[in-house]
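Engineer: task: produce atomic coordinates for the following.
(one chain, ligands or ions: 1)
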Amino acid sequence: MDKESMKKIAGQEAVKYIKDGMTVGLGTGSTVKYLLDALGARVVNENLRIIGVPTSNRSAKRARDLGIEVRSIDDVDHIDLTIDGADQIDENFQGIKGGGIAHLREKIVAINSDKNLWIVDDTKMAKNLGSFPLPLEVTPYGSTHLLKRLDKMGFNPKFRTNAKGQHVLTHADNYIIDLNLGYIEHPHELEKVLNNMTGIVEHGLFLDIVDVVIAGTSEGPKTFK
Ligand code: 5RP
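Structural biologist: Numbers count the residues shown, from 1 in each chain. Purely as a prediction, here's the structure:
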């Protein structure tokens with residue numbers, strides 16, 4: 001089975017966790033797109049009443065186009081469940097996110113949710129984190145010095161740029177630096193280091209956040225709790 005089909009079955013399985021009346025955090029990315037399609041169909045066919053809290057302008061537009069009511073996080077008093085994609089998940093269910101540059105909003109929505117569910121194709125399940133580059137959202141001001149500091153620390157940092165060589169900009173007009181670490185031996189220690197560095201707005205380590213993972217596999221969806 002190809003990756004797209006695995007993403008699709010993960011999204012279609014995850015939609016079953018959404019119940020009438022819920023406020024649902026809506027993640028970002030190509031896997032979440034399948035979730036939104038399945039959710040939009042339920043909203044129309046079952047008259048499901050839910051409020052979606054999107055983590056990106058892309059997801060907000062897609063959700064609205066599908067007839068899903070959306071609100072900003074500051075206009076809801078709680079979030080029952082957030083469903084999001086991930087870039088890598090290790091055997092302890094720690095994750096890397098931010099491949100799609102939305103990890104700041106995604107983390108804000110995740111930590112304000114009663115439950116978090118991630119949907120992935122099973123190529124993203126790994127023994128350890130780190131073979132996927134770790135994204136940092138950083139302030140443009142001072143970012144060249146921050147890059148040098150990260151380089152001296154041995155983190156192999158690289159600005160994320162577009163095809164024209166321009167900085168990729170986040171929702172908050174910040175830059176992205178990707179750390180090419182190869183292998184993250186101690187994710188919690190790295191998290192502490194990154195949390196303490198001025199200029200890093202948010203990093204893509206999502207530790208102790210997820211409650212349920214649904215992986216699309218060639219044998220069908222597999223759920224890990
Ligand atoms: C965006 C993210 C995405 O959830 C992550 O990149 C997975 O995306 P995709 O489903 O397209 O592989 O963290 O910031």
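Engineer: just give me the longest helix of the protein.
Structural biologist: Among the segments of the chain that qualify as a helix by DSSP state H, the longest is helix 30-46.
Engineer: mind listing residues that contact whatever helix or strand comes next after it?
Structural biologist: Using DSSP states H and E, the helix or strand that follows helix 30-46 towards the C-terminus is strand 51-54. By CB atoms under 8 Å, 6 or more residues apart in numbering, the residues outside strand 51-54 that reach it are 22-26, 28, 39, 60, 63, 68-73, 76, 79, 82, 109. Using the backbone N, CA and C atoms, a C-beta is placed for each residue, glycine as well.
Engineer: check stretch 194-211 too.
Structural biologist: 86-87, 89, 93-99, 103-104, 106-107, 110-111, 115-118, 129, 134-139, 141-143, 145-146, 149, 172, 174, 187-188, 190-191, 225.
Engineer: so which of those residues also contact the ligand?
Structural biologist: The residues of those that also fall near the ligand, by CB under 6 Å from any ligand atom, are Ala86, Asp87, Lys97, Gly98, Gly99, His103, Glu106.
Engineer: just the contacts of stretch 194-211: which are in strands?
Structural biologist: Members of the contacts of stretch 194-211 lying in strands (criterion: DSSP state E): Ile89, Gly95, Ile96, Lys115, Asn116, Leu117, Trp118, Leu134, Pro135, Leu136, Glu137, Val138.
Engineer: enumerate the residues of the chain near the ligand.
Structural biologist: Within reach of the ligand by CB under 6 Å from any ligand atom, the chain has these residues: 27-31, 84-87, 97-103, 106.
Engineer: picking that back up, would you list the buried entries among the ones in strands among the contacts of stretch 194-211?
Structural biologist: Neighbour counting over those (16 or more other CB atoms under 10 Å) leaves Ile89, Gly95, Ile96, Asn116, Leu117, Trp118, Leu134, Pro135, Leu136, Glu137, Val138 as the buried ones.
Engineer: residues contacting the third one?
Structural biologist: What that stands for is Ile96. Ala86, Asp87, Gln88, Leu129, Gly130, Phe132, Leu134, Pro135, Gly204, Leu205, Phe206.
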